[in-house]
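Colleague: model this:
(2 chains)
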2 protein chains.
Amino acid sequence: MDDMITEQVKQQLIDIVGAKNYDDSKAGRLVYSYDATPNFQSLPDAVIAPRNTKEVSEIVKICNKERIPIVPRGSGTNLCAGTCPTEGGIVMLFKHMNRIIEIDEENLTVTVQPGVITLDLIHAVEAKGLFYPPDPSSMKISTIGGNINENSGGLRGLKYGVTRDYVMGLEVVLANGDVIRTGGKLAKDVAGYDLTRLFVGSEGTLGIITEATLKLIPMPETKQTMLALYEDLEAAARSVSAIIANKIIPTTLEFLDQPTLQVVESFVNIGLPTDVKAVLLIEQDGPKEVVERDMKAMARICREQHAISVQVAQTEEEANNLRTARRSALSALARLKPTTILEDATVPRSQIANMVKAINDIAKTYNVNICTFGHAGDGNLHPTCPTDVRDKDELHRVEQAFEDIFAKAIELGGTITGEHGVGVMKAPYLEWKLGKEGIAAMKAIKQALDPNNIMNPGKVFAKSTRKRVVITR
Amino acid sequence: MDDMITEQVKQQLIDIVGAKNYDDSKAGRLVYSYDATPNFQSLPDAVIAPRNTKEVSEIVKICNKERIPIVPRGSGTNLCAGTCPTEGGIVMLFKHMNRIIEIDEENLTVTVQPGVITLDLIHAVEAKGLFYPPDPSSMKISTIGGNINENSGGLRGLKYGVTRDYVMGLEVVLANGDVIRTGGKLAKDVAGYDLTRLFVGSEGTLGIITEATLKLIPMPETKQTMLALYEDLEAAARSVSAIIANKIIPTTLEFLDQPTLQVVESFVNIGLPTDVKAVLLIEQDGPKEVVERDMKAMARICREQHAISVQVAQTEEEANNLRTARRSALSALARLKPTTILEDATVPRSQIANMVKAINDIAKTYNVNICTFGHAGDGNLHPTCPTDVRDKDELHRVEQAFEDIFAKAIELGGTITGEHGVGVMKAPYLEWKLGKEGIAAMKAIKQALDPNNIMNPGKVFAKSTRKRVVITR
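Modeller: A predicted model of the protein is given here:
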């Protein structure tokens, strides 16, 4: 492994980016040997920070010739080990490519480099009365490049969709060093295959994104936030389906169970109810009249589904506290035990109640502690297990429990990952969702665009697959 | 060519679909030798109508082994020669696969076979208070399978997006006969590459779509329609940019110039103004209060941009007449001359005024008659030329004019096709938009998924490319 980058190649790379932007010290490599996903640490051979697209292209050409893996990395907040350099090679950072290039108010677009922090982008466009909806919980530190590679979701996905729905055009460096541009500032474009959306969510395995043009929408006029409390987990889940079936699409429809609530409250101390079995955090935005009408209707629906209390936030501060509390769920849960495994099972939203019930049954079966929260309106739950990787016995049971959870999600017409990506972590389970034929089709595309497998190798496609009879629909 | 399908292969195909569903008579082949695009007629070797996915898969396996092209065809309303069997082979019809399988009111989805007529689908979901927005002008006869293969747009695209934005999952038969399922009834799914959207708009060149799950949204409560009249073409175009820049996104924002207006009025006879230089047809839908507010604001903006009159439709009948008039533009123009060439140049919406001006200048330069209408809010214009293919001299000038129009669209940051697809017709120009490197990437994907080039060959990728210096941005 230490010989992957020869002295000669190292010198070529330094000639491109400058000595300051190439680091193969032990300390430098250690920093980028892991991401937010537990248990996949692996040392890269070097860390490199190109300053522009031309440098990225030159680096890629060398790596393609020398068969050196490249792992593009934003802030490493992903939860699928998508940026762990498990095959060694080079971790590529975008700290120099972090400019907002243009906010175009006539076409409602923003053009950015990949290293821009998500929240910085959101603030910059909001200052102009425009709105970029995708808001992953990690948005304070995540980068747009990472969001695009993982097709990140967020709390506003129910109404506004995910990152993919806002990417209009990309500049991408392919594995052969070619620089291509897809899409543009165009509401419609059918000139050839939809490469834009093929690259979104491809986890850096098909090319390196060096620029993106994103769609903006007008800022909603107002927003209201409410909390519905439940003595019964499944009643909360049923409320979610009932709201949608009543043809109301709120901005946010989040679920937190009691164990999550207790942990979050002890972290944020804002007076969250901890004596109830579950809460729904509901938000609607838009014109004032519509928001008020929808909030009333949703409150009624929640009560019909046996919510014991429905409280509308009275101030923006109170609303913001609730949102921040929800966003801090992972951080709060991570304080409980040395290891936190956060999962991402997703089902059709009509199956939310069944899935919540199944998760709790599975946790009991394997005697593990699972806290569940997530984007209930999207059918996207995050069952989370505070554990300890050093406790081999418990870890084994945790893994079995999550296997059962994935299998149940698939059985209910769902998927193994709604927004976190496949990475290394979910790769063994991908076949449960796609079948052998689906994987073969994706591998053919990967092979066509990256024949030497230098683009984030080891991600998406597993070396071995978990055996389980695939549930056919 | 007559030997492409041997007697033995013919018998194998008949064994699959039954004699009634295999037609190689001269008359039968002639019917499917052309589509809505002028000048690309070519006889297929046979026409086949499978009854289910299994039959499609069996047919594909034989064709893959025997290297027989397959051209999947809905109603043939496309305008890029996307369903002309230019390489011979089999035209595949979906007249037996035309069921709406399920409308799921809990998950707001509809699952359909490819042969369903677009308007039938729209009516079926509207009966349940749900809304399927994509509404190509051909929706009365076009099929959903065709819409997906071409990623069709429509009049409501500005606010609601295009077909791609509503496809959640697909069943696809690949070139090797494998049947895969992508996506599902899932608001979020990042399990591997986004094959769903790769197949949308791939014009049948990557696989055959045999089932689709589409997203529905709640039916908007109300809708209003208005017509703004202009003495000045560019003032109309400027109004479009001004509306968007004022952060209003109407459902529909259509442009018709005077020549189009005159032709349409003589076709529909509803009292359209024919003495003005251009009109905008503007619609907004949603909650009553919002629609009223937006309509007032848009009327004000149009007047500020020198509209000479702004009239709101007083009845739904009047509104419907206006929409129907706009949808009939192609039919109306087609009555003028034996040949109608309708184009699809698309630019960022801020460039609409420049593009309209350029089209008129180009028409003058080449002394051809071009009527322009289209989805101005999307930057998607349809310059249309009534001509006669037998008049070689004029046809040559028409082709030169359209070449200049495509080049201008690219120069303004646009694309050679916004919603009609590449097919055979635009293939020579694709490189202007994508560059050699972009085409190479797409060809690699095509080659990976269809190594024997049996899936609608001759489409998207040209045998020869029009030479013109690519305008770099």
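
Colleague: Tell me if stretch A:331-347 is near chain B.
Modeller: Yes - judged by Cβ under 8 Å from any Cβ of the partner chain, stretch A:331-347 comes into contact with chain B at A:346-347. Backbone N, C-alpha and C define where each C-beta goes, glycine included.

Colleague: Buried residues in that stretch, which are they?
Modeller: For stretch A:331-347, burial by neighbour count (16 or more other Cβ atoms under 10 Å in any protein chain shown) applies to A:332-334, A:336-337, A:339-347.

Colleague: could you give the mean pLDDT of that stretch?
Modeller: The pLDDT scores in stretch A:331-347 average 92.

Colleague: Quick one: distance of that stretch to the chain centre.
Modeller: Distance of stretch A:331-347 from the chain centroid (Cα atoms, centre = their mean, to the nearest Å) equals 14 Å.

Colleague: got the end-to-end distance for it?
Modeller: Start-to-end span of stretch A:331-347 (Cα to Cα, to the nearest Å) is 25 Å.

Colleague: where are the low-confidence patches of chain A?
Modeller: A:1-2, A:467-473 (pLDDT under 70).

Colleague: and which of the buried residues of stretch A:331-347 is nearest to chain B?
Modeller: Lowest distance from chain B to the buried residues of stretch A:331-347 (Cβ to the nearest Cβ) belongs to A:T346, with 5.5 Å.

Colleague: contacting residues around the closest one?
Modeller: A:378-381, A:409, A:414-415, A:417-419, B:186-189 (Cβ atoms under 8 Å, 6 or more residues apart in numbering or on different chains).

Colleague: again, only this time at 7 Å
Modeller: A:379-380, A:409, A:414-415, A:418, B:186, B:188-189 (Cβ atoms under 7 Å, 6 or more residues apart in numbering or on different chains).

Colleague: Who is it paired with across the strands?
Modeller: Here A:T346 shows beta-bridge partners A:N380, A:T415, assigned using DSSP bridges.

Colleague: Let's have the contacts of A:T346 in TSV, adding distance to A:H123.
Modeller: Shown next, in TSV, are the contacts of A:T346 (distance: Cβ to Cβ, whole Å):
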residue	distance to A:H123
A:G379	30
A:N380	26
A:A409	35
A:G414	34
A:T415	32
A:G418	26
B:L186	31
B:K188	25
B:D189	29
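
Colleague: Widest-spaced pair of those?
Modeller: With Cβ to Cβ as the measure, no two of the contacts of A:T346 lie farther apart than A:A409 and B:K188, at 11.9 Å.

Colleague: Those two: which is more packed in?
Modeller: Set side by side, A:A409 and B:K188 show more neighbours around A:A409, with 31 against 24, by other Cβ atoms under 10 Å in any protein chain shown.

Colleague: I'd assumed that one was in a helix, is it?
Modeller: Yes - counting by DSSP: H, G, I helix; E, B strand; the rest coil, one finds A:A409 located in a helix.

Colleague: That one contacts A:P348, doesn't it?
Modeller: No - A:A409 lies out of contact with A:P348 (Cβ atoms under 7 Å); the separation is 10.1 Å.

Colleague: returning to that earlier point: can you flag which of the buried residues of stretch A:331-347 belong to strands?
Modeller: Counting by DSSP state E, the part of the buried residues of stretch A:331-347 found in strands is A:339-342.

Colleague: Next one: A:A440 from B:D178, what distance?
Modeller: The spacing between A:A440 and B:D178, counted by Cβ to Cβ, to the nearest Å, is 7 Å.

Colleague: Which one of those two is surrounded by more residues?
Modeller: Neighbour tally, A:A440 and B:D178, criterion other Cβ under 10 Å: the higher count belongs to B:D178, 18 against 15.

Colleague: Not counting residues beside it along the chain, what's closest to the more buried one?
Modeller: A:E437 (4.0 Å; Cβ to Cβ, 6 or more residues apart in numbering or on different chains).

Colleague: wait, what's in contact with the one you found?
Modeller: A:E437 neighbours (Cβ under 7 Å, 6+ apart): B:178-180.

Colleague: In TSV: the residues you listed, plus secondary structure.
Modeller: Formatted as TSV, the contacts of A:E437 follow (three-state DSSP):
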residue	secondary structure
B:D178	coil
B:V179	strand
B:I180	strand
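
Colleague: Number of residues surrounding the residue in the stretch 1-150 of chain A that chain B sits nearest to?
Modeller: Nearest to chain B in the stretch 1-150 of chain A, going by Cβ to the nearest Cβ, is A:E106, at a distance of 3.8 Å. For A:E106, the neighbour count with other Cβ under 10 Å is 14.

Colleague: And A:V110, by the same measure?
Modeller: Count around A:V110 with other Cβ under 10 Å applied: 26.

Colleague: helix, strand or coil for it?
Modeller: Per three-state DSSP, A:V110 ends up strand.

Colleague: Tell me the bridge partners for it.
Modeller: Going by DSSP bridges, A:V110 forms beta bridges with A:I103, A:L214.

Colleague: so it makes contact with A:H123?
Modeller: No - assessed by Cβ under 7 Å, A:V110 is found out of contact with A:H123, at 11.7 Å.

Colleague: Surely A:I208 is in contact with A:L174?
Modeller: No - using Cβ under 7 Å, A:I208 is not in contact with A:L174, being 8.3 Å away.

Colleague: helix, strand or coil for A:M92?
Modeller: A:M92 ends up strand, using three-state DSSP.

Colleague: Now for the closest residue to it other than its chain neighbours, how many residues are close by?
Modeller: Spatial nearest neighbour of A:M92, chain neighbours left out: A:P72 (4.8 Å); criterion: Cβ to Cβ, 6+ apart. Neighbour count for A:P72, taken as other Cβ under 10 Å: 26.

Colleague: can you tell me which residues contact A:P72?
Modeller: Per Cβ under 7 Å, 6+ apart, neighbours of A:P72: A:92, A:149, A:204, A:208, A:456.

Colleague: what's the burial count for A:A462?
Modeller: 17.

Colleague: what do you get for A:T6?
Modeller: Neighbours of A:T6 (other Cβ under 10 Å): 11.

Colleague: and A:D450, how far is that from A:S202?
Modeller: Relative to A:S202, A:D450 is positioned 10 Å away (Cβ to Cβ).

Colleague: Between the two, tell me which one has more neighbours.
Modeller: Higher neighbour count among A:D450 and A:S202: A:S202, with 29 against 20, using other Cβ under 10 Å.

Colleague: Next, the buried residues of stretch A:159-166.
Modeller: Neighbour counts using 16+ other Cβ under 10 Å place A:159-166 of stretch A:159-166 among the buried residues.

Colleague: near chain B, which residues of the stretch 1-150 of chain A?
Modeller: Contact residues (Cβ under 7 Å from any Cβ of the partner chain) of the stretch 1-150 of chain A with chain B: A:105-108, A:129, A:150.

Colleague: how about 10 Å then?
Modeller: A:80, A:104-109, A:128-131, A:150 (Cβ under 10 Å from any Cβ of the partner chain).
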